[in-house]
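**Q** no sequence for this one, just the structure:
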């Protein structure tokens, strides 16, 4: 009897301890909603065995939306549906309206939504579906292909939304939830951990992905990756899927990268990035030994003329090791941190030059970005060709599978614009204008600014390796 009573007492005590550990982190609000106790560290919360995510899902799921984008694609006009056959016989092509489904999430009660650029790319119409089965037409406020982010807006008020958290504080091993619409399965929730940080895939120009094993599949793109505080620390964007489905390797854009992009898109309709004006490369262990350089940091191998770097006195073979006292981890780290600056910001760079260590102040300017082309100067806004151009780069070459490293790339063609009417396509590379080879958007603009409305323009185009001319007249 005494032995059984002792065993029962121990069992009761163990149960009490388990109950305290499991449920002691939860508290009731005045509305009766169960939420995480904000005084408890996330790491401690995540350690609880058998942790129940239901309260968290109920809080954040209403802010996740379905993004339905409609676009128009050209199909082969022949029964063979073969591009070569159609071009050879000049067969008229047919245009079809297609739709796709991705994910997004509300970041404000008045209807601003974050999603991926690739979810709404080329869309002629975007609709938003909410958890209560309401549907709204959405306006594309702005897109940023360089980070694969887009900002949408629906007209409504009092909507549930999620706050962007601090992705800098995220740790490997931390619990996260991914919410989205994989394979048309609306508002699916999956759980996992942060598997790694600082991943680069070559899918966008600016990358610093969080890797997670939370299940992400086609349709999850643009949805939130949420931490245990109910804040978004990543935007689900890509997976490695040799089998076509999830294998536990997914990637999300860090929320801190998204904050500046979204703020700029909301205010300016485009992203304004900082510019240093150097070409750089990483130093490996062998090179560091050969050149008597410390490991870590990036080496300058070109300083652009009349750039912030040249005005600050930076030189070829300077090794940049720190920005504002913080060590440079990689080439991508430096590139991303400079891009997140605003024109006019002054930074302190620590530089190793030969056997000297220098602190150099640099005032950054605005980076040369893609331009929605409007030739001419004042009063020339009517001369809108309806296309967005960017200088060719390795990132663009990978994205568009280009077969040349020269010229400028057509990254967007507006329906009904001069470019679209003259069969200029996205992914075309403009090599020359009126027999003058070009290597920048500025050169393209300068050449056309000298032309009068109504005058002819000859573009020399590279399209997947084929090179040909396109002729059109500037609008009057």
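**A** Perfect, I can see it now. Everything quoted here is computed from the prediction, not taken from an experiment.
**Q** can you tell me how far residue 430 sits from residue 407?
**A** Plainly put, residue 430 is 5 Å away from residue 407 if you go by C-beta to C-beta, to the nearest Å. Quick note: C-beta positions are derived from backbone N, CA and C, even for glycine.
**Q** same check on residue 346?
**A** Residue 346 is 35 Å from residue 407, where distance means C-beta to C-beta.
**Q** which one's more surrounded, these two?
**A** Using other C-beta atoms under 10 Å, the more surrounded residue of residue 346 and residue 407 is residue 407, with 25 against 12.
**Q** is it true that the more buried one touches residue 462?
**A** Yes: contact status for residue 407 versus residue 462: in contact at 6.8 Å, counting by C-beta atoms under 8 Å.
**Q** what residues do these two have in common as contacts?
**A** Overlap between the contact sets of residue 407 and residue 462, as judged by C-beta atoms under 8 Å, 6 or more residues apart in numbering, is given by 429, 431.
**Q** care to break the protein down by domain?
**A** Residue ranges for each domain of the chain read 2-40, 52-271, 274-366, 371-473, as given by automatic domain parsing.
**Q** what's the average pLDDT for the shortest one?
**A** In this model, domain 2-40 carries a mean pLDDT of 41.
**Q** ditto for the longest one
**A** Domain 52-271 shows a mean pLDDT of 89.
**Q** list the contacts of stretch 311-325.
**A** Applying C-beta under 8 Å, 6+ apart, the set of residues contacting stretch 311-325 from outside is 278, 280, 283, 293-294, 296-303, 327-328, 334, 337-338, 347-353, 360-363.
**Q** can you report phi and psi for the closest residue to residue 270 other than its chain neighbours?
**A** Once its chain neighbours are removed from consideration, residue 270 has its nearest residue in residue 142; the separation is 6.1 Å (C-beta to C-beta, 6 or more residues apart in numbering). Note on residue 142: backbone dihedrals following degrees, to the nearest 10 are phi -180, psi 160.
**Q** buried set for stretch 414-427?
**A** Judged by neighbour count (16 or more other C-beta atoms under 10 Å), stretch 414-427 contains these buried residues: 417-420, 422, 424, 426-427.
**Q** just how off-centre is that stretch within its chain?
**A** The offset between the C-alpha centroid of stretch 414-427 and the centroid of the whole chain comes to 25 Å, using C-alpha atoms, centre = their mean, to the nearest Å.
**Q** one more: stretch 54-69?
**A** Using C-alpha atoms, centre = their mean, we find the averaged C-alpha position of stretch 54-69 to lie 21 Å away from the chain's own average C-alpha position.
**Q** how far does that stretch stretch from start to finish?
**A** One end of stretch 54-69 to the other measures 30 Å (C-alpha to C-alpha, to the nearest Å).
**Q** how near is residue 58 to residue 354?
**A** 61 Å.
**Q** quick check: residue 124 vs residue 207, distance?
**A** Using C-beta to C-beta, residue 124 is found at 29 Å from residue 207.
**Q** for residue 269, same thing?
**A** Summarising the geometry, the distance separating residue 269 from residue 207, computed by C-beta to C-beta, is 23 Å.
**Q** the two: which is more packed in?
**A** Higher neighbour count among residue 269 and residue 207: residue 207, with 24 against 13, using other C-beta under 10 Å.
**Q** doesn't residue 256 fall inside a helix?
**A** Yes: checked against DSSP: H, G, I helix; E, B strand; the rest coil, residue 256 lies within a helix.
**Q** could you look up the SS state of residue 132?
**A** The three-state label for residue 132, taken from three-state DSSP, comes out as coil.
**Q** just want the most central residue of the protein.
**A** The centroid of the chain falls nearest to residue 147 when counting by C-alpha atoms, centre = their mean (2.4 Å).
**Q** doesn't residue 209 make contact with that one?
**A** No: Residue 147 lies out of contact with residue 209 (C-beta under 8 Å); the separation is 10.6 Å.
**Q** how about the helices in the chain?
**A** Counting by DSSP state H, the chain has helices at residues 2-23, 42-46, 54-60, 83-88, 117-120, 255-268, 285-290, 308-312, 331-339, 394-400, 418-421, 441-449.
**Q** contact partners of the fifth one?
**A** Looking back up the chat, that one is helix 117-120. 67, 69, 100, 102-104, 126, 140, 143-145, 147-150, 152, 221-222.
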